[in-house]
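**Q** build me a model from this:
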Amino acid sequence: MSSKFLKNESTSELFFRSVNGSKLKLIDKSAKTKNVMKFVLHKNIHLNVNTTFLLLFLSFVLWAAFNILIPLIVCILALILQFTCFITSVNKDTLVVVESVGVYTKGRRILHGLSSCEFIPWDTVVDIFINEVITGQKVLYYLTIIVKESFGEKDSIKLVPLFRELIPERKCLEYMYEKLAGLMGPRKKKHQL
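**A** Below you'll find the predicted structure:
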């Protein structure tokens, strides 16, 4: 869970786990003025090269000794699949909230050219909450922003879940929620009055 807490002047690092059990590092770069919040969630992803190449070597030996080509083909396909999953996996999610401007999210993948970005204008943000989602046998938690959308004369509500790829544990989401709730929650409504 979260055990280490290192604190610098304006940056703090917290360590959590994802739903899958992998280690996540949350870097809190919130400004002291309390109207700018920045969270960077980072996951170190490593390609398990030793096991893959050992399997490839054994398949090659089987092919050379017994002229069996199927294990070699299966191993090469598994290697390609593992490398593709490694390259396309998200290793860093960033959330920047600037009061009266908006909410910016960015997910960066291992391959530097691939990233996904989204900007939500401040006047469309209604609230933020931790959403509980049940999928199969698992209960997942997402930090979710409620966004008001207008199409012509019709208003609708849209839910925007954050950190969809890394899926941090609930304690991590609660930490971010406590900081963001004052900026985006009920106090925001008081400022608008």
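**Q** avg pLDDT for stretch 97-116?
**A** Averaged across stretch 97-116, pLDDT comes to 78.
**Q** ends of that stretch, how far apart?
**A** End-to-end distance of stretch 97-116 (CA to CA, to the nearest Å): 17 Å.
**Q** run the chain-centre distance for that stretch.
**A** Chain-centre distance of stretch 97-116: 10 Å, with CA atoms, centre = their mean, to the nearest Å.
**Q** and stretch 120-139, by the same measure?
**A** With CA atoms, centre = their mean, you get 13 Å for stretch 120-139.
**Q** in that stretch, what counts as buried?
**A** Neighbour-count burial for stretch 120-139, with 16 or more other CB atoms under 10 Å as criterion, is recorded at Ile120, Thr124, Val125, Asp127, Ile128, Phe129, Asn131. The C-beta positions use only the backbone N, C-alpha and C, and glycine is treated the same way.
**Q** distance check, Asp155 against Leu140.
**A** Asp155 sits 28 Å away from Leu140, going by CB to CB, to the nearest Å.
**Q** over to Phe57?
**A** Phe57 is 38 Å from Leu140, by CB to CB.
**Q** of these two, which one has the most company?
**A** Leu140 (16 against 11; other CB atoms under 10 Å).
**Q** hmm, the more buried one is touching Ile167, no?
**A** Yes. Here Leu140 lies in contact with Ile167, judged by CB atoms under 8 Å, at a distance of 6.1 Å.
**Q** any common contacting residues for those two?
**A** Common contacts of Leu140 and Ile167 (CB atoms under 8 Å, 6 or more residues apart in numbering): Val19.
**Q** strand partners of the longest strand anywhere in the chain, parallel vs antiparallel please.
**A** In the chain, assigned by DSSP state E, the strand with the most residues is strand 138-151. Applying DSSP bridges, strand 138-151 is found paired with strand 125-135 (antiparallel), strand 154-162 (antiparallel).
**Q** that one: how far from the chain's middle?
**A** 14 Å.
**Q** what residues are up against the spatially closest residue to Ile128 that is not a sequence neighbour?
**A** In this structure, Ile128 finds its nearest non-sequential neighbour in Met184, 4.6 Å apart by CB to CB, 6 or more residues apart in numbering. By CB under 8 Å, 6+ apart, the contact list for Met184 reads Val97, Val103, Val125, Asp127, Ile128, Ile145.
**Q** distance of Thr105 from Pro71?
**A** For Thr105, the distance to Pro71 - CB to CB - is 43 Å.
**Q** between the two, which one's more packed in?
**A** Neighbour count, other CB under 10 Å: between Thr105 and Pro71, Thr105 has more, with 20 against 17.
**Q** would the more buried one count as being in a helix?
**A** No. Thr105: not assigned to a helix; according to DSSP: H, G, I helix; E, B strand; the rest coil it is strand.
**Q** can you tell me the element the nearest residue to it once chain neighbours are set aside falls in?
**A** The spatially closest residue to Thr105, leaving aside those adjacent along the chain, is Glu118, at 4.9 Å (CB to CB, 6+ apart). Glu118 belongs to strand 115-121 when assigned by DSSP states H and E.
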